[in-house]
Each structure stands twice: as structure tokens, then as C-alpha cells.
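Peer 1: Got a predicted model here, sequence first, then my questions.
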Amino acid sequence: MQHEHPWSRYVAIGDSFTEGIGDPEPDSPGGNRGWADRVAEVLGSRKQDFAYANLAIRGRLLNQIASEQLEPALELKPDLISVSAGGNDIIRPGSDADEVAGRVDELVRQLRSDGATVVLFTGPDIGMTPVLNRMRGKVAIYNENIRAVAQRHDAIVADMWSLRELGDPRMWAPDRLHFSAVGHHTVARMVLDALNVENDLEPFQPEPLPPRRWRQARVEDIGWAREHLVPWVLRRVRHQSSGDNITAKRPGF
């Protein structure tokens, strides 16, 4: 017998991770599904009159999430809020993990003001990701700050760093910056486990990958850099965002 959970109104805020980029689904609002939609589907199946909104927009920095999504989220009177914010700040050169986490602390304080359960995310281990792996230490420091923020505000931590399945390349979309459908599914299972909600989502049981020759790996890395990394860097230089002119896919219940 599956038990009913205590939440009736769930709001997700954040950036591309929460919007569901990397998990295309034409029938979903905005054309992407993602882990938050998957979590909401399970929660909705366990609770009558369950409501779900997703205000996340790709490319958003922490200050933009706080200024654009905080107030609309609180106006919906949720009893469950997930927030993944600060990742786009952390991977920018010169950012300070402690300073970014301090702003997350203030955001969580406000999200908790009406007593809603808040779910926070640690960043995944990016040690296997070309270029971004140089920031692995900064992400680890940020994660420790996030755990401290959660403890101060009695929030729940969805720990992607310890989710070792994310080290499998099949968990990632071709851009190596966002999760694939399998990755989003795996994160959804982890979030539901963090919420102590029973679910029937199947765990990832991969077949072994064939070995890659060094030359093949280098060719693939060069192709990835040309198609995905260079455009990403150019957007940073030009102060552009992949979320320009994008609106929230589920702005209300």
C-alpha cells in the first residue's frame, strides 16, 4: 500500500535544470519534460486535487531567479517548493562559492517564510566533464554551503553529488551541460526518495559501454566543443542568455 504524502501545492523554481532542458517532450508545456514534471506526476498520483507550477527558465542566474520567480512562487501559496539556483553563477569565472551560497541562504529564508517544505540541490560531480571539471573544487565547496543552508532553515537536500549514476555519460544530453531523459528520470527518483515518497520509477540498470579509443574520444570532444561549448562561451561574452524571450512553461496551477 502506498501512503499519501502531505503536499497539495508544488512550485518549482530555478534555471534550465528545473525547466527540463535535455529531456525534450513535444506534448509537455514548453516542449521539455524534466525531473520536476516527473516528480509532480508521482505526487499527483498520490494526492487528490494536487497542483503543480514550474516557473524555472533556462539560463537564469541566482539574482534573476530571486527577482523574477520568488514573489510569483509565494503568491501561489505552495506547501512544497523546489529551488535549484546558483549553478549558472558558480560556473562563471571569478565567482565565489561562499558569496553565492550566502544569497541562496536569503532566498531560502524567504521561501520558508510561510512554512512551505523547501527542497535544495547540491551540484553534481562534474569531474568527468571536459573544461567544467576545472571547477570541481568550487562546486564541492558550494555543496557544503548548501548543506549548511538547508540545516539552518530545516530544508531538504536532494544530493546530486552523491548520485554516482550521474557519472555515466548516458545521463547527459549531447551538450554535456544538461541531463538527458535518463538523467532527469534518475534525478526524479532521487528527489522522491529525499521526500520519502514511494514511487515506481525504475532505477537505471545500464548495459556496459563499449570501450572508446583515444582518437575517437578526442574527435568527439572537438565536435562537442565546436557545437556546444563555443556557442555557450560566446553567449557569456555577449551577455546573452539561452533564456532570453523565454517564459515559464507552467506559470500557475
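Peer 2: Happy to help now that I have it.
Peer 1: Stretch 85-102: end-to-end distance?
Peer 2: For stretch 85-102, the separation between the terminal residues is 12 Å (C-alpha to C-alpha, to the nearest Å).
Peer 1: Sort out which residues of it are buried, please.
Peer 2: 85-91, 95, 97, 100-101 (16 or more other C-beta atoms under 10 Å). (Glycine included, C-beta is placed from N, CA and C.)
Peer 1: Return the set of buried residues in stretch 141-150.
Peer 2: For stretch 141-150, the neighbour count (16+ other C-beta under 10 Å) marks 141-143, 145-147, 149-150 as buried.
Peer 1: Now pLDDT too, for the buried residues of stretch 85-102, in a markdown table please.
Peer 2: Below are those laid out as a markdown table (pLDDT from 0 to 100):
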| residue | pLDDT |
| --- | --- |
| Ala85 | 95 |
| Gly86 | 94 |
| Gly87 | 90 |
| Asn88 | 89 |
| Asp89 | 91 |
| Ile90 | 89 |
| Ile91 | 81 |
| Ser95 | 90 |
| Ala97 | 95 |
| Val100 | 97 |
| Ala101 | 97 |
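Peer 1: so which of those residues comes closest to Ser8?
Peer 2: Set against Ser8, the nearest of the buried residues of stretch 85-102 by C-beta to C-beta is Ala85 (23.8 Å).
Peer 1: Run a quick check on the closest one versus Glu106, I expect a contact.
Peer 2: No: Ala85 lies out of contact with Glu106 (C-beta atoms under 8 Å); the separation is 11.2 Å.
Peer 1: what is in contact with those two at once?
Peer 2: Common neighbours of Ala85 and Glu106, using C-beta atoms under 8 Å, 6 or more residues apart in numbering, are Ala66.
Peer 1: show me where pLDDT drops low in this structure?
Peer 2: Along the chain, segments meeting pLDDT under 70 span 1-2, 127-132, 209-210, 212-244.
Peer 1: how about the helices in it?
Peer 2: For the chain, helices defined by DSSP state H occupy the ranges 16-19, 34-45, 62-68, 70-75, 87-90, 97-111, 136-153, 181-194, 214-224, 230-237.
Peer 1: quick one: which of those helices is nearest Gly123?
Peer 2: helix 136-153 (4.4 Å).
Peer 1: Could you export the closest one as PDB, CA atoms only?
Peer 2: C-alpha atoms of helix 136-153 as PDB (Å, rounded to 0.1, in the frame of the first residue of the first chain):
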ATOM      1  CA  ARG A 136      35.000  20.700  -9.400                       C
ATOM      2  CA  GLY A 137      36.600  22.000  -6.200                       C
ATOM      3  CA  LYS A 138      34.400  25.200  -6.300                       C
ATOM      4  CA  VAL A 139      31.300  23.000  -6.700                       C
ATOM      5  CA  ALA A 140      32.300  20.900  -3.700                       C
ATOM      6  CA  ILE A 141      32.700  24.000  -1.500                       C
ATOM      7  CA  TYR A 142      29.300  25.300  -2.800                       C
ATOM      8  CA  ASN A 143      27.700  22.000  -1.900                       C
ATOM      9  CA  GLU A 144      28.900  22.100   1.700                       C
ATOM     10  CA  ASN A 145      27.500  25.600   1.900                       C
ATOM     11  CA  ILE A 146      24.100  24.300   0.600                       C
ATOM     12  CA  ARG A 147      24.000  21.600   3.200                       C
ATOM     13  CA  ALA A 148      24.600  24.300   5.900                       C
ATOM     14  CA  VAL A 149      21.800  26.500   4.400                       C
ATOM     15  CA  ALA A 150      19.500  23.500   4.500                       C
ATOM     16  CA  GLN A 151      20.300  22.800   8.100                       C
ATOM     17  CA  ARG A 152      19.700  26.400   9.200                       C
ATOM     18  CA  HIS A 153      16.300  26.600   7.500                       C
END
